[in-house]
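Colleague: next come a sequence and a model predicted from it.
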Amino acid sequence: MNSTTASKKDKSPVVPRAAEIVREYGPFGGDGSVAGVTHDGQRVWAATGTRLVAFDPASGETTRTLDCVCDAGTAFDGTYLYQIAKARIDKIDPASGKVLSSIPTPGHGGDSGLTWAEGSLWVGQHRDRKIHQIDPVSGAVLRTIESNRFVTGVTWVDGELWHGTWENDESELRRVDPADGAVLERLEMPRGANVSGLESDGADLFYCGGGGSGKVRAVRRPRATKA
Amino acid sequence: MDSLIAASARALAAGDALGALKRVALRDDPPALALRGIAMAQLGEHPRARELLRRASRGFGAHEELARARCVVAEAEVAMAMRDFGGSPRALAAAAATLDAHADRANAMQARLIAARRLLLLGRLEAATAALAPLDARDLPPSLAAVAELTAAELALRSLQVGPARAALARAHQAADRARVPALLAEVAEAQAALDRPAARRLLPGGEQPLRLGEVAALLASDALVVDACRRGVGAGDAWRPLARRPVLFELARALAEAWPGDVDREALIACAFNTRRPDETHRARLRVEIGRLRALVAAQAGIEATARGFALKPRDAREVVVLAPPIDGEQASLVALLSDGAAWSTSALALALGASQRTVQRALAELEAEGRVRSIGRARAQRWLAPPLAGFTTILLLPAALPIE
């Protein structure tokens, strides 16, 4: 990882680039908004308030729906889905849709954005501009990263920590330094394309929940480090 | 939006205000305050709702002007439901501009609609018409379109344009139907019913005939010479002479019209115009002067001829003479009829128009206000009296779409 220059806690502004939206999916019904997204290797899952909707990113067709409360971030650990509902995180069996266990959220309901990485859950705390790493069994906070923007989606890919922001109708995808929260890269979403929920597919794409638009947008992940 | 805000907003959207409140009851961050404010507004706790919305709009950061603008609009809506007109129209206009800049057209239109309704309720009808004109109801979401059409209908009714009022009400009905808001449909039905209620009486030699608003408008538009004791004026064809500020002339016109085609003797005219039973020569001289003034005013439509015992009305071109009176007798009915033009009247103007003392008028107004049939704005010398809106829509809260979240 090329982090020799970026890891310095300098205040030099990172010049934003325009995000490249590859494709849009949805809306999917539910209450008409998308509050969280995740990717299980084949399908994309979108939290739509009262239903988790899985769709095939190639065809865009809905392949599965689970009735459950889903107010904010969604994550997948390889076997189970995790879903923020009110002030708790439900662990859900994607096969049966059953809630297997629940832990309290670190932000007591002020949470937005959830991802799984390295055996931990990472939870965005919206207006407090924080990302918490928590123990997926106990819910205990292991550490906290401070951002300088509202957090509305979190994802890890190739050792990079990305989060979505949404303030005043303006949204960005931001890569931050997991050590100190310093902003390393900014992708500016077009106006009106707001981000609520973020997940990488592990390769070239990010999937972004589109809030009240009810859409999920696929955004190309920049490969600046390889260039 | 975060998880509890999302859950609360979902409950609110489903009409569960208490459920929405429960989820954010202990939170004081701006989106939670805004949601609590809206929930309280829907529960009818308007003062508390306004306070919460104010705190929310103050709490949003410099980078959250969109959310703040929505709070300002919601607060204005709540203030209107409270009939509190103390707020600043400039703040609302600024919020509308912000919402426009963020392409939130529906809420920007709502802000402008609130401004127009506010002017209507303040009796500033011309300003209200001007504010409403640029809003195209076809571009609005159905519930807002219904309110815009109700406002247009009310403005048309106040100026007795019954045809346009009916058309606007029909469009309001369609929009309310699409919006599927029962309260709105009820308001439209209520306004439509107002069109069919007696709005005036036509006094005939052998009795009287109740008239609906449409019939009043038709009479005023006809060729007849109409002496209208509801609006205090004389009209014929396109010409309308308001005599609310000239009570003596109006009383003379009314007495002559009621006697038409006969004449009225001088003593009777003096008694009704000058309020005296013992006339002397000065009264006779004044009567000649006032008749001369009235003659000049109605010269195009009618002549006033002296007869052996008094005066008689002689309409030109074989016109008919019609006398309209308020639907029921009495001081209160006359007041309500005068206020039905929708404009804001001062107590002194009402007293002058009715030829009654200010004290009498104040007493009648106080009784009417207690019954909710008139309302006042301002205090002391600035106090003005208004008829209540024909459509009660001002109490329906149409809070901004997607308010607190995002």
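Modeller: Sure thing, it's come through.

Colleague: going by C-alpha atoms from here, please, whenever you check contacts or count neighbours.
Modeller: OK.

Colleague: within range of chain B, give me the residues from chain A.
Modeller: Counting by CA under 8 Å from any CA of the partner chain, the residues of chain A close to chain B are A:31, A:35, A:49, A:71-73, A:84-87, A:109-112, A:125-126, A:152, A:166-169, A:196, A:211.

Colleague: try 6 Å
Modeller: Residues of chain A lying close to chain B by CA under 6 Å from any CA of the partner chain are A:71-72, A:86, A:109-112, A:126, A:168.

Colleague: centroid-nearest residue for chain B?
Modeller: In chain B, the residue lying closest to the centroid (CA atoms, centre = their mean) is B:Gly342, at 3.6 Å.

Colleague: what's near enough to touch the most centrally placed residue in chain A?
Modeller: Compute the mean C-alpha point of chain A, and by CA atoms, centre = their mean the closest residue is A:Leu198, 2.8 Å away. Contacts for A:Leu198 were tallied using CA atoms under 6 Å, 6 or more residues apart in numbering or on different chains; they are A:37, A:153-154, A:207-208.

Colleague: quick check: it vs chain B, distance?
Modeller: Distance, A:Leu198 to chain B, by CA to the nearest CA, to the nearest Å: 13 Å.

Colleague: how much space separates that residue from B:Leu352?
Modeller: For A:Leu198, the distance to B:Leu352 equals 71 Å [CA to CA, to the nearest Å].

Colleague: so what pairs up with the residue nearest to the centre of chain A in the strands?
Modeller: A:Cys208 (DSSP bridges).

Colleague: next one, pLDDT for residue 113 please.
Modeller: Since you didn't name a chain, this refers to chain A. With respect to pLDDT, A:Gly113 scores 93.

Colleague: meant chain B, my bad for not saying
Modeller: B:Leu113 is given a pLDDT of 91.

Colleague: for the closest residue to A:Val141 other than its chain neighbours, which residues are in contact?
Modeller: Distances taken as CA to CA, 6 or more residues apart in numbering or on different chains place A:Ile134 nearest to A:Val141, at 4.4 Å, with adjacent residues excluded. Residues in contact with A:Ile134 (CA under 6 Å, 6+ apart) are A:120-121, A:140-142.

Colleague: likewise for A:Val151?
Modeller: A:124, A:126, A:129, A:164-165 are the contacts of A:Val151 under CA under 6 Å, 6+ apart.

Colleague: so where's the chain shaky on pLDDT?
Modeller: You didn't say which chain, so I picked chain A. Along chain A, the model assigns pLDDT under 70 to residues A:1-12, A:30-31, A:224-227.

Colleague: sorry, should have said chain B
Modeller: Using pLDDT under 70, the flagged stretches of chain B are B:390-406.

Colleague: how about the residues of it near chain A?
Modeller: So chain B meets chain A at B:2-4, B:6-7, B:63-64, B:66 (CA under 6 Å from any CA).

Colleague: and those residues, which are buried?
Modeller: Among those, those classed as buried by 16 or more other CA atoms under 10 Å in any protein chain shown are B:2-4, B:6-7, B:64, B:66.

Colleague: for A:Ser171, see how far away A:Thr115 is.
Modeller: 19 Å.

Colleague: more crowded one of the two?
Modeller: A:Thr115 (30 against 22; other CA atoms under 10 Å in any protein chain shown).

Colleague: Three-state assignment for that one, please.
Modeller: Under DSSP: H, G, I helix; E, B strand; the rest coil, A:Thr115 falls in the strand class.

Colleague: so who does the residue lying closest to it once chain neighbours are set aside touch?
Modeller: Closest residue in space to A:Thr115, ignoring its immediate chain neighbours: A:Ala75 at 4.7 Å, by CA to CA, 6+ apart. If you count contacts by CA under 6 Å, 6+ apart, A:Ala75 has them with A:38, A:81-82, A:114-116.

Colleague: again, only this time at 7 Å
Modeller: Contacts for A:Ala75 (CA atoms under 7 Å, 6 or more residues apart in numbering or on different chains) come out as A:38, A:81-83, A:114-116.

Colleague: and for B:Leu185?
Modeller: B:Leu185 neighbours (CA under 7 Å, 6+ apart): B:173, B:176-177.

Colleague: from the residues you listed, which land in helices?
Modeller: In this view, the contacts of B:Leu185 that belong to helices under DSSP state H are B:173, B:176-177.

Colleague: between the contacts of A:Ile134, which is closest to chain B?
Modeller: For the contacts of A:Ile134, the minimum distance to chain B (CA to the nearest CA) is 16.0 Å, reached by A:Leu121.

Colleague: the closest one: what secondary structure?
Modeller: Going by three-state DSSP: A:Leu121 is strand.

Colleague: what about it, neighbour count?
Modeller: A:Leu121, neighbours per other CA under 10 Å, totals 23.

Colleague: and the nearest residue in space to it that is not next to it in sequence, how close does it get to A:Val183?
Modeller: Nearest non-adjacent residue to A:Leu121, counting by CA to CA, 6+ apart: A:Ile134, 5.3 Å away. Per CA to CA, A:Ile134 is found 22 Å from A:Val183.

Colleague: CA atoms only: put the one helix or strand B:Arg50 maps to into PDB for me.
Modeller: The secondary structure element spanning B:Arg50 is helix B:46-59 (assigned by DSSP states H and E). Written as PDB, here are the backbone C-alpha positions of helix B:46-59 (Å, rounded to 0.1, in the frame of the first residue of the first chain):
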ATOM      1  CA  HIS B  46     -48.800  23.200  18.000                       C
ATOM      2  CA  PRO B  47     -46.900  25.500  20.400                       C
ATOM      3  CA  ARG B  48     -44.600  22.600  21.400                       C
ATOM      4  CA  ALA B  49     -44.200  21.600  17.800                       C
ATOM      5  CA  ARG B  50     -43.200  25.100  16.800                       C
ATOM      6  CA  GLU B  51     -40.600  25.300  19.600                       C
ATOM      7  CA  LEU B  52     -39.100  21.900  18.600                       C
ATOM      8  CA  LEU B  53     -39.000  22.900  14.900                       C
ATOM      9  CA  ARG B  54     -37.300  26.200  15.800                       C
ATOM     10  CA  ARG B  55     -34.700  24.400  17.900                       C
ATOM     11  CA  ALA B  56     -34.100  21.900  15.100                       C
ATOM     12  CA  SER B  57     -33.600  24.700  12.500                       C
ATOM     13  CA  ARG B  58     -31.200  26.500  14.800                       C
ATOM     14  CA  GLY B  59     -29.300  23.200  15.400                       C
END
